[in-house]
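**Student:** pasting the sequence and the predicted model now:
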Amino acid sequence: MNTNILLETGTNELELLEFQVGDNNFGINISKVVEIMINQDVTPVPNSPEEVEGVFIPRDKLISVIDLHKVIHVPHTKSGKEIFIICEFNRMSVAFHVSKVKGIQRISWSDISDPPSVANGNNSEAIGLATGVAKIDDRIIIIMDFEKIVSTLNRDAGLDMNGMDRVSRPSAAVGNKHIVVADDSKFLNKMITDALSSIGFHNIISFSNGLDAWDYVKSFTDKGDDITSHIACVISDIEMPKMDGHRLTKLIKDDPVLKKIPVLLFSSLINEQMIAKGKSVGADGQFSKPQITELINYLTALLS
């Protein structure tokens, strides 16, 4: 897909593909989008959840189609020209069936707020699946937790826990070191912290956005050379409301005291381009969801 994807890193900006499902406005990071096409005929898959419309094969690649109308329980439009948004994340290709695409919006992550904890009306189902909410002009745009949607329909699409019984377990001293986790998906945030706890890390604090994580980390700037005894490592997603992981990494690495803290990026967006961006802001390691065992083995070795 040809888009003016942002080349500068650490600016806390993103390009958001705005689309509609029914009358509701949604957004997805353009970095996840491979292609947009008119909805196609699909082949139903026996015994699949009703939200999984079926599969189709564009250019010799089998892709599952998830109908977002059924996910958030809204009726289809009557135009007959609905859209498939084909995405790649977590090493998977998925097509999301939506009503229509409205365009690309360039905004700051600081303009994206955490979703409300309680919602009423037509948006309540969607808000329950949201990682953030943005206001553009007079429109409210909901950024959905696409990883949670896919993982709920296919458990194999969540974090890959295979091999957890063989990961390097930390010593008692290492297990007590202080780790900060930042991930906007409540679903994946809990899976990450639970996985770390299960193998022996006991001092973990997690945040749902980069700004809250940054406010916490920078409160330790008076610790000087002893900083890593207070915060041993930061594990961060890239996509997050208020402040993204690249901006968080840049702020940490630009600070003369905090720069000693290792920052590991753990994201569904890790690819060649994103690895280059992560290096440019000083990330100490980058790992693609769902391979959490690779992250844990690296973390244990790093802190040891």
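**Tutor:** Right, received. Where do you want to start?
**Student:** can you give me the helices in the stretch 51-200 of the chain?
**Tutor:** 68-72, 124-127, 146-153, 172-175, 186-198 (DSSP state H, counting those that start in this stretch).
**Student:** among those helices, which comes closest to I57?
**Tutor:** I57 lies closest to helix 146-153 among the helices of the stretch 51-200 of the chain, at 19.0 Å (CB to CB). Where you see a C-beta, it was placed from the backbone N, CA and C, and this is true even at glycine.
**Student:** on contacts alone, who are the packing partners of the closest one?
**Tutor:** Applying 3 or more CB pairs under 8 Å, 6 or more residues apart in numbering; DSSP states H and E, one finds that helix 146-153 makes contact with strand 63-67, strand 83-89, strand 92-98, helix 186-198.
**Student:** any chance of the ones you listed in CSV, plus distance to V234?
**Tutor:** Below are the helices and strands packed on helix 146-153 laid out as CSV (distance: least, CB to CB, whole Å):
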stretch, distance to V234
strand 63-67, 32
strand 83-89, 22
strand 92-98, 26
helix 186-198, 12
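**Student:** can I get the ones you listed in a markdown table including mean neighbour count, distance to S168 and mean pLDDT?
**Tutor:** Below are the helices and strands packed on helix 146-153 laid out as a markdown table (neighbours: other CB atoms under 10 Å; distance: least, CB to CB, whole Å; pLDDT from 0 to 100):
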| stretch | mean neighbour count | distance to S168 | mean pLDDT |
| --- | --- | --- | --- |
| strand 63-67 | 21 | 34 | 95 |
| strand 83-89 | 21 | 27 | 92 |
| strand 92-98 | 22 | 27 | 93 |
| helix 186-198 | 18 | 12 | 90 |
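**Student:** nearest to N25, of those?
**Tutor:** Nearest of those (CB to CB): strand 92-98, 10.7 Å.
**Student:** and the angle from the closest one to strand 83-89?
**Tutor:** Strand 92-98 and strand 83-89 meet at an angle of 150 degrees, taking axes from the mean of the first three to the mean of the last three CA atoms, to 10 degrees as the criterion.
**Student:** how about residues contacting strand 92-98?
**Tutor:** Strand 92-98 is contacted from outside by 19-21, 26, 28, 34, 39, 53, 56, 61, 63-69, 82-88, 146, 150, 157, using CB atoms under 8 Å, 6 or more residues apart in numbering.
**Student:** same check on stretch 270-286?
**Tutor:** Counting by CB under 8 Å, 6+ apart, stretch 270-286 makes contact with 5, 9-10, 31, 238, 246-247, 249-250, 252-253, 259, 262-267, 287-289, 295, 298, 302, all of which sit outside it.
**Student:** buried ones in it?
**Tutor:** For stretch 270-286, the neighbour count (16 or more other CB atoms under 10 Å) marks 270-271, 274, 277-278, 281-286 as buried.
**Student:** next step: those restricted to strands.
**Tutor:** Of those, the ones assigned to strands by DSSP state E are 285-286.
**Student:** among the buried residues of stretch 270-286, which ones are in helices?
**Tutor:** Residues of the buried residues of stretch 270-286 located in helices (DSSP state H): 274, 277-278.
**Student:** now render these as CSV, adding distance to H76 and pLDDT.
**Tutor:** Formatted as CSV, these follow (distance: CB to CB, whole Å; pLDDT from 0 to 100):
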residue, distance to H76, pLDDT
M274, 34, 86
K277, 37, 92
G278, 39, 94
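**Student:** now flag whichever of those residues is closest to K218.
**Tutor:** Using CB to CB, these come closest to K218 at G278, 20.4 Å.
**Student:** touching, G245 and A182? I think so.
**Tutor:** Yes: between G245 and A182 there is a contact under CB atoms under 8 Å: 7.0 Å.
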